[in-house]
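>>> What follows is a predicted protein model with its sequence.
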Amino acid sequence: MDYPGDGMIEEGSEIRNRIQQMFSTHVQVTEFYATVSSDPAWMPLLNALFGLRPMRDADLFESMVRIIIGQQLNVQFAAALVERLIDMGESFVAWGDGLLPVFPSPEQIARLTYAQLRERSFSQRKAEYVIDFARIVADGKIDLETLRGMPDEQVHEQLISFRGIGRWTVECFLLFGLGRQDIMPATDIGVQNALQKLYGMEYRPKDEEVRNMAEAWKPFRSLATYYLWQSLIGLL
């Protein structure tokens, strides 16, 4: 009888951990429901999205680049730009009888020019942000994996100094990249629009009001954010 070596066991464990991260299997949605269910405005949303857990990116570099691309863009156009970037990487993995494209590495993106991204409808500034960040990672100026063990405030301090990364970007990275459970990107227009819709407000709440409202959803503000975003895609 053959037994798997330690390397195979470690690889299997890593794959399992990545899958659990991507599908947020550890997230306690029932506790979130108990926290917000006392507010009647939330009930239609909870009923429509019952059991939903956030989908996260498996790789921290990919997560940050996707978020940078998505800055101040609608979801559809941002997704199109991501697909064009993936096509430029020309990296694939075997799947069944075919090949699936995979997200390019920092080194692959670092070798691109701003002009190449401009040719694919990236703005000049967006092209600079994406390529410059890839070069920072490829050059070893930051190890994204070390951020996993840092508190939110320290992650913010580590990232905010890089060009193209502001508060919203860090907050979304904490949510989708690192999977932190209590993040509320209060400046996000989508969150503000969703709250206006949820509560039937005559105006769109600004960031300070959003933060005040979100105090009631601690320590599950990340789930609240995700559900608010999902409410904008026509499920209610």
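Nice, thanks for sending it over. None of the values given here were measured: they were computed from a predicted structure. Numbering: from 1, shown residues only.

>>> what's downstream of the lowest-mean-pLDDT helix or strand in the chain, the next helix or strand?
One helix or strand of the chain scores below all others by mean pLDDT, DSSP states H and E: helix 6-23, with a mean of 60. Scanning forward in sequence from helix 6-23 by DSSP states H and E, the next helix or strand is helix 29-36.

>>> got the buried residues for the helix or strand that that next one is followed by?
Counting by DSSP H and E, the next helix or strand C-terminal to helix 29-36 is helix 43-48. By neighbour count on 16 or more other CB atoms under 10 Å, the buried set for helix 43-48 is 45-46. In short, each C-beta sits where N, CA and C put it, glycine included.

>>> Centre of the chain to helix 43-48, how far?
23 Å (CA atoms, centre = their mean, to the nearest Å).

>>> The helix or strand just after that helix - what's its average pLDDT?
Counting by DSSP H and E, the element after helix 43-48 in chain order, helix or strand, is helix 60-70. Taken as a whole, helix 60-70 has an average pLDDT of 97.

>>> Spatially central residue for the chain, please.
Phe176 (2.9 Å; CA atoms, centre = their mean).

>>> From Pro185, how far out is that one?
10 Å (CB to CB, to the nearest Å).

>>> And Ile131, by the same measure?
25 Å.

>>> Same question for Asp207.
9 Å.

>>> Check Asp97 too.
41 Å.

>>> Between the two, which is the more surrounded one?
Pro185 (21 against 5; other CB atoms under 10 Å).

>>> what number of residues lie near the closest residue to the more buried one other than its chain neighbours?
Nearest residue to Pro185, sequence neighbours excluded (CB to CB, 6 or more residues apart in numbering): Glu171, at 4.1 Å. Residues lying near Glu171 (other CB under 10 Å) number 23.

>>> if you average pLDDT over the helix or strand that contains Glu171, what comes out?
Here Glu171 sits within helix 167-172, counting by DSSP H and E. The pLDDT scores in helix 167-172 average 98.

>>> Show me what stretch 148-159 is in contact with.
60, 142, 147, 165, 167, 169-170, 173-174, 178, 180, 183 (CB atoms under 8 Å, 6 or more residues apart in numbering).

>>> From Ser91, how far out is Glu83?
Counting by CB to CB, the gap from Glu83 to Ser91 is 14 Å.

>>> Stretch 150-168: which residues count as buried?
155-156, 158-159, 162, 165, 168.

>>> Is it possible to get CSV of the residues you listed that adds distance to Ala78 and secondary structure?
Supplementary listing: the buried residues of stretch 150-168 in CSV, determined by distance: CB to CB, whole Å; DSSP: H, G, I helix; E, B strand; the rest coil:
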residue, distance to Ala78, secondary structure
Val155, 22, helix
His156, 23, helix
Gln158, 24, helix
Leu159, 19, helix
Phe162, 20, coil
Ile165, 16, coil
Trp168, 14, helix
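
>>> Thanks a lot, catch you later.
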